[in-house]
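S.K.: all I have is the shape, not the residue letters:
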Ligand SMILES: CC(C)(COP(=O)(O)OP(=O)(O)OC[C@H]1O[C@@H](n2cnc3c(N)ncnc32)[C@H](O)[C@@H]1OP(=O)(O)O)[C@@H](O)C(=O)NCCC(=O)NCCS
């Protein structure tokens, strides 16, 4: 696993669009994330190209309160005055799934964030698919993520009106489980 470079942005964009839906992120947004050193975007490669990617994005308190409905006092307590990361996505190429790749990538990404010492906590929204499955549930459990609250259709908000979901076939009505992981 290595930090993503600008030249990886197009392949990462393609994989996230296939996994989540059209216009999930743009190549420009991914490029900007790579260029900001507070963020942590990692990739794994093999002979076929991109094997997987994981993004920890540094965001401001206001976004966590608004998008993940984190309580302000909980945010302050968990962040301990340090920067806070949004674990935004985790993707593995479909022919490589179920072999422990993401479990290993997440473990390494968390170790690096802990070693950095400048981050207090990360929050994430585990995707709850319409049939009730949470693809990352076992992986989050193994990595020490703590369940915080369930959200009803957080990506249906007007600000995400242009994002489509591969499973909903239009604006995303899926629920999310918010987790945190202290760093
Ligand atoms: C979710 C994903 C990143 C897991 O990567 P991986 O390398 O296959 O993960 P691992 O081999 O380390 O672990 C496999 C686990 O994922 C679970 N999983 C993967 N896809 C799943 C799905 N669609 N529904 C339910 N569970 C799923 C497996 O059941 C297994 O669970 P366990 O750890 O409790 O046994 C990968 O399947 C993927 O890219 N999926 C599409 C994108 C996605 O859903 N990302 C997560 C959004 S929150």
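M.R.: Sure thing, it's come through. Keep in mind it's a predicted model, so treat the numbers as computed, not measured.

S.K.: tell me the mean pLDDT over the helix or strand containing residue 147?
M.R.: Assigned by DSSP states H and E, residue 147 belongs to strand 146-151. Confidence over strand 146-151 (mean pLDDT, whole number) is 98.

S.K.: how about it: buried residues?
M.R.: Buried positions in strand 146-151, judged by neighbour count with 16 or more other C-beta atoms under 10 Å: 148, 151. Using the backbone N, CA and C atoms, a C-beta is placed for each residue, glycine as well.

S.K.: surely residue 5 meets residue 34?
M.R.: Yes. Under the criterion of C-beta atoms under 8 Å, residue 5 makes contact with residue 34 at 6.7 Å.

S.K.: can you tell me the element the residue of the chain at minimum distance from the ligand falls in?
M.R.: Here the residue of the chain nearest the ligand is residue 138; by C-beta to the nearest ligand atom that distance is 1.9 Å. Using DSSP H and E, residue 138 sits within helix 137-142.

S.K.: again, but for residue 178
M.R.: strand 175-182.

S.K.: that strand packs against which elements?
M.R.: Using 3 or more C-beta pairs under 8 Å, 6 or more residues apart in numbering; DSSP states H and E as the contact test, the elements touching strand 175-182 are strand 119-128, helix 137-142, strand 146-151.

S.K.: great, nothing more from me.
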